[in-house]
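Novice: fold the following.
(one chain, ligands or ions: 2)
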Amino acid sequence: MSRAAEGRVLWFTGLSGAGKSTLASALYRELERRGERVELLDGDAVRENLSKGLGFSKADRDTNVRRIAFVAGLLARHGVTVLVSAISPYRDTRDAVLSELPNASEIFVDAPLSVVTERDVKGLYLRALAGEIPHFTGVSDPYEAPLSPALHLRTDQQSIEACLEQVLALATSEVGRDAAYA
Ligand SMILES: Nc1ncnc2c1ncn2[C@@H]1O[C@H](COP(=O)(O)OS(=O)(=O)O)[C@@H](OP(=O)(O)O)[C@H]1O
Ligand SMILES: Nc1ncnc2c1ncn2[C@@H]1O[C@H](COP(=O)(O)OP(=O)(O)O)[C@@H](O)[C@H]1O
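Specialist: Ligands and ions are numbered 1, 2, ... in the order given. Purely as a prediction, here's the structure:
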C-alpha cells in the first residue's frame, strides 16, 4: 500500500459526559453511510475487551491510552479512518501517542464540570462527588486540557449537529494529514 493510502486518526478527548461518544459514534455512522472504511475505538468498549482489568490510576490510564493508540495505528496504516473516544486525561501521554500516529488530529470535547455533573449521563458524578468512586476525572483526578487541539468543541454552547458538522469537515478535509501525504 502506498503511504498516500494511509488512513487517519481523530482522537476525541474530554471529561466523562462531555460528548465524546455521542459525537464519535454519530461521525462513525455518517462516514460509514458514505462508504468510508471507518472504525470506532470507544473507551467503554475498549475497557470491556482490550483493557479489561485495568483501573484508573495514572499508570493504568496511560496503558489503556497506549493500547488504543497501538490498535489505531495498525488500522490507520491500512487505510482506515479511526475514531478514538477516551478521556485520555494526561497531556504528555496524549501528545506522545498522537505524535506517533499517522495523520492524527486531537479533538477537545469540552464542557465545564458543572455541566457534565448536571448531565450525569451515567450517574457517576453523583457517586464520585459522594466519595464513592475514587480517582474520578474532574472530581478527584486530573484532566489536562489540550493546548492546541485541531478542534475545540464547547458542547455546552453548541448543538450536537453544529459539533458534528465541524468534526465531519475535519474528517473529510486534508487538514490534519501529514504534509508528506497530502
Ligand atoms: N475513576 C474514573 N474516572 C473516569 N471515568 C471512570 C472512572 N471510573 C469509571 N469510569 C468510566 O470509565 C470511562 C472512562 O474510560 P476511559 O478508558 O475513556 O478513561 S481513560 O482514557 O483511561 O482515562 C468513563 O466513560 P465516559 O463517560 O464515556 O468518558 C466512565 O464511564
Ligand atoms: N454538542 C453536544 N455534543 C455532544 N453531546 C452533547 C452535546 N450537547 C448535549 N450533549 C449530550 O451530552 C451527553 C454526552 O454524553 P456522552 O457522549 O456519553 O459523553 P462522553 O462519551 O464524553 O462520556 C449526551 O447525553 C448528549 O446528548
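
Novice: buried residues in whichever strand or helix holds Ala69?
Specialist: Using DSSP states H and E, Ala69 falls within helix 58-76. Residues of helix 58-76 classed as buried by neighbour count (16 or more other C-beta atoms under 10 Å): Arg61, Asp62, Asn64, Val65, Arg67, Ile68, Ala69, Ala72, Gly73, Leu75, Ala76. Using the backbone N, CA and C atoms, a C-beta is placed for each residue, glycine as well.

Novice: before we move on, what about stretch 144-164?
Specialist: Pro146, Pro149, Ala150, Leu151, Leu153, Arg154, Thr155, Cys163, Leu164.

Novice: what of stretch 16-32?
Specialist: For stretch 16-32, using 16+ other C-beta under 10 Å, the buried residues are 16-24, 26-28, 30-31.

Novice: endpoint to endpoint, stretch 33-42 covers what distance?
Specialist: One end of stretch 33-42 to the other measures 19 Å (C-alpha to C-alpha, to the nearest Å).

Novice: list the contacts of stretch 18-35.
Specialist: 10, 12-14, 38, 40, 42-44, 81, 83-87, 107, 109-111, 116, 153, 155, 160, 163-164, 167-168, 171 (C-beta atoms under 8 Å, 6 or more residues apart in numbering).

Novice: now that stretch, how far from the centre of its chain.
Specialist: Mean-position distance between stretch 18-35 and its chain equals 12 Å (C-alpha atoms, centre = their mean, to the nearest Å).

Novice: what do you get for stretch 86-101?
Specialist: 10 Å.

Novice: and it, average pLDDT?
Specialist: For stretch 86-101, the mean per-residue pLDDT is 98.

Novice: quick one: is that stretch near ligand 1?
Specialist: Yes: Stretch 86-101 reaches ligand 1 (C-beta under 6 Å from any ligand atom) through Ala86, Ile87, Ser88, Pro89.

Novice: tell me the pLDDT at whichever residue of the chain sits closest to ligand 2?
Specialist: Closest residue of the chain to ligand 2, C-beta to the nearest ligand atom: Gly19 (2.5 Å). Predicted confidence (pLDDT) for Gly19: 98.

Novice: identify, from the buried residues of stretch 16-32, the entry nearest to ligand 1.
Specialist: Nearest member of the buried residues of stretch 16-32 to ligand 1, counting by C-beta to the nearest ligand atom, is Ser16, at 3.3 Å.

Novice: for stretch 65-83, C-alpha coordinates in CSV please.
Specialist: Taking C-alpha atoms only, stretch 65-83 is exported to CSV below (Å, rounded to 0.1, in the frame of the first residue of the first chain):
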residue,chain,number,x,y,z
VAL,A,65,-4.4,5.0,26.0
ARG,A,66,-1.2,3.4,24.6
ARG,A,67,-3.1,0.2,23.8
ILE,A,68,-5.8,2.2,22.0
ALA,A,69,-3.1,4.1,20.1
PHE,A,70,-1.4,0.9,19.1
VAL,A,71,-4.6,-0.5,17.5
ALA,A,72,-5.5,2.8,16.0
GLY,A,73,-2.1,2.9,14.3
LEU,A,74,-2.4,-0.6,12.9
LEU,A,75,-5.8,0.3,11.4
ALA,A,76,-4.8,3.7,10.1
ARG,A,77,-1.8,2.2,8.4
HIS,A,78,-4.2,0.1,6.4
GLY,A,79,-6.3,2.9,5.2
VAL,A,80,-9.0,3.0,7.9
THR,A,81,-10.3,6.2,9.4
VAL,A,82,-10.1,5.6,13.2
LEU,A,83,-12.2,7.4,15.7
